[in-house]
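**Q** Can you look at this prediction? I've put the sequence above it.
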Amino acid sequence: MSDPILVTSEGNTGIIELARPEKFNCLSLEVHERISVARAEFEANPDIRAILIRAQGKHFCTGADLVEVKGKLNDPAALDHFIAFGMNNLRALETSSLPVVVAVQGLCLAGGIELMLACDVCFAAESAQFGDQHAQFGLIPGWGGSQRLTRLMGQRRALDLMFSARWLKSDEAKEAGLVNYVVPDADLHKISLEYCQKIATRSRPGIAEMKRLAREGADLGIDQQMRLERDAAVRALPSDDVAEGLDAFENRRAPRFKA
């Protein structure tokens, strides 16, 4: 059996590549487990400053492995574990201290869009199409799709996408706030990796703190949000990275962050 994901690195970027194109890179429990292990290893490696998730083949991911799901229908404990592990895995990506970038080509549906939504920045090939197919098959999103879609798109547009199971083209997904950049298919992996390598030059603690502020602050009132940011800024000021950044600015050079 071939490896369902490939884990590599290039420079300071850790790469997680879905590698089951013959199954449209559907997400089995094993795939979730392997992603979880790879993420934790990248977080523990001080040389890794960004994670890139991408996929082999024509399509990014068409959702959960429904053959595996069907085989668990008479085992409630196994079903619960499958859903819970997937949800926890995507939440761990979302809250990772590292920036997580995703590169999407072809179809990104159901569990695939849930994986994409858990990432911080999305690059879409011109061929990419995004949709939530759960309602079409009597299913309910189980890996955070209903919540993250609503947060990014707004309730009306998210409900329309879930009810209708229609697909958004890459430019529509960008307009809806699901995608950051639309690029030619042939350049998807090159451009997304270049982006990762660019943000990998930033202060790792600084990026982690910005990500935490954006994620945690979304659930707070404006006064709490301002306090959260103020406290983080005050904590950061005495750091070596801030000293290096200010010295680089003063001397008109690129900063060289150690952390």
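**A** Everything's here; your move.

**Q** Name the helix or strand for residue 7, please.
**A** Using DSSP states H and E, residue 7 sits in strand 5-10.

**Q** downstream neighbour of that strand in the secondary structure list?
**A** Later in the chain than strand 5-10, the nearest helix or strand by DSSP H and E is strand 13-18.

**Q** other SSEs contacting that following strand?
**A** strand 5-10, helix 29-44, strand 50-55, helix 188-199 (3 or more C-beta pairs under 8 Å, 6 or more residues apart in numbering; DSSP states H and E). (Each C-beta comes from the backbone N, C-alpha and C, glycine too.)

**Q** hang on, the earlier thing: what lines up beside the strand holding residue 7 in the sheet?
**A** Its sheet considered, strand 5-10 pairs with strand 13-18 (antiparallel) by DSSP bridges.

**Q** now the angle between helix 188-199 and the strand it pairs with, please.
**A** Strand 13-18 runs at 150 degrees relative to helix 188-199, counting by axes from the mean of the first three to the mean of the last three C-alpha atoms, to 10 degrees.

**Q** Residues in contact with strand 13-18: which ones?
**A** Applying C-beta atoms under 8 Å, 6 or more residues apart in numbering, the external contacts of strand 13-18 come out as 4-9, 25, 31, 35, 38-39, 41-42, 45, 48-56, 60-61, 98, 193, 196-197, 200.

**Q** Quick one: buried ones out of the residues you listed?
**A** The neighbour count (16 or more other C-beta atoms under 10 Å) marks 4-5, 7, 25, 31, 35, 38-39, 42, 48-56, 60-61, 98, 193, 196-197, 200 as buried among the contacts of strand 13-18.

**Q** In a strand, residue 122, correct?
**A** Yes - checked against DSSP: H, G, I helix; E, B strand; the rest coil, residue 122 lies within a strand.

**Q** What score does it have for pLDDT?
**A** In this model, residue 122 is scored at 99, pLDDT.

**Q** so what's it up against?
**A** Applying C-beta under 8 Å, 6+ apart, we find residue 122 in contact with 101-102, 104, 116, 178-181.

**Q** bridging residues for it?
**A** residue 102.

**Q** For residue 143, see how far away it is.
**A** 16 Å (C-beta to C-beta, to the nearest Å).

**Q** Just the endpoints, please. Distance across stretch 112-131?
**A** End-to-end distance for stretch 112-131: 9 Å, by C-alpha to C-alpha, to the nearest Å.

**Q** residues near residue 59, how many?
**A** By other C-beta atoms under 10 Å, 23 other residues sit near residue 59.

**Q** And residue 37, by the same measure?
**A** The number of residues packed near residue 37 is 14, by other C-beta under 10 Å.

**Q** what's the closest of the helices and strands packed on strand 13-18 to residue 149?
**A** Of all the helices and strands packed on strand 13-18, strand 50-55 sits nearest to residue 149, with 18.3 Å by C-beta to C-beta.

**Q** and residue 93, what does it touch?
**A** 35, 39, 51, 53, 100, 115, 118-119.

**Q** how about those residues in CSV, adding pLDDT?
**A** Shown next, in CSV, are those (pLDDT from 0 to 100):
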residue, pLDDT
35, 98
39, 99
51, 99
53, 99
100, 98
115, 98
118, 97
119, 98
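
**Q** Residue 187: which of those residues is nearest?
**A** Closest approach between those and residue 187, by C-beta to C-beta: residue 53, at 17.3 Å.

**Q** I figured that closest one was touching residue 115, is that so?
**A** Yes - with contact defined as C-beta atoms under 8 Å, residue 53 counts as touching residue 115 (7.3 Å).

**Q** hang on, residue 67 in a strand?
**A** No - checked against three-state DSSP, residue 67 lies outside a strand; its state is helix.
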